[in-house]
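Q: below are the sequence and a predicted model for it; my questions follow.
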Amino acid sequence: MEERLQRIERRLEQVEKRLEQKETSRKEYNAKYYQQRKLQRTGLKNPDRNNLDLPRGWDERLEDKMQEWAEVAFRFATDLPRPRPFDFLEWLCWTWNVGTYQHKVITKSGGYNNLFIGYSGDKPLRLKFTDGDLYGNVRRTTFTPAQRDQFCEALWWKWSFAVLVKLKHAMGTRFQSLAPSFRRPLLLLMGGFGEVEVKADLFFDPQEANCARLGKAYRAAKPDLDHAWNACKKGLFSKVEPFADFVTQQ
């Protein structure tokens, strides 16, 4: 019996050593991986705060990029046989999320959107959001006051101001010359800044205080908004740059 116990103890010691070796190897691998990622990072340093809620409403360092993105927008807007607003939104969201900063602003795991809100040491610190809380897209078309508040406080309306509204300014008067079918989805995503009249004397604005009017406007805007939100999400999490050949072709 004693000899058997000794054999078991030796086996347990061997297992413990293997586990220790695996743990050491995992830590060494992670340290090496993060060091390589750190050396490979390019782009702007992420603001050390919620990247969708910046002090002046947008990252002013993106001003130089707006004209570049505007030229790409014109290409999608004038492509034949028809304008491609949703393809442009997909490309724009990928470019903003993946190709602009050192760390992706939004990642996804476990069914949640993980938003960059600052640093923990030199690593990204993230906060989880549901689709409804982040983007605002909801199935309901009627709102209670509490639901209205949740809808209008979705952070994607802030993204739209920080990116789409500034992009529209970069396009200047040429934006109005684009086809309505291209402009409408972008303007709807801008919320109240888009000033889209969805029905006679009814404008879509997430900040609308009257729940009945908000629901009526949302019902009219929802088909284009759903398509636009889906394009944004598809671009944010694409593994490769969408429509890269089209964007780079001469």
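A: Okay, I see it.

Q: how about the strands in the protein?
A: Listed in chain order, the strands of the chain (DSSP state E) span 106-109, 112-120, 123-129, 197-199, 202-203.

Q: could you please name the strands the last one pairs with and the direction of each pair?
A: Strand 202-203 has the following strand partners under DSSP bridges: strand 197-199 (antiparallel).

Q: what comes up buried for the strand it pairs with?
A: residue 198 (16 or more other CB atoms under 10 Å). (Each C-beta comes from the backbone N, C-alpha and C, glycine too.)

Q: return the distance of that strand from the chain's centre.
A: Between the centre of strand 197-199 and the centre of its host chain there is 27 Å, according to CA atoms, centre = their mean, to the nearest Å.

Q: contacts for it?
A: 203, 204, 216, 217, 220, 221 (CB atoms under 8 Å, 6 or more residues apart in numbering).

Q: out of the strands of the chain, which is the most enclosed?
A: Comparing these by mean neighbour count (mean count of other CB atoms under 10 Å), strand 112-120 comes out on top with a mean of 18.

Q: partners of the residue nearest to residue 49 when sequence neighbours are not counted in the sheet?
A: Of all residues not flanking residue 49 in the chain, residue 118 sits nearest, at 5.4 Å (CB to CB, 6 or more residues apart in numbering). Under DSSP bridges, the beta-bridge partners of residue 118 are residue 125.

Q: help me confirm that residue 118 comes into contact with residue 127.
A: No. Residue 118 lies out of contact with residue 127 (CB atoms under 8 Å); the separation is 9.3 Å.
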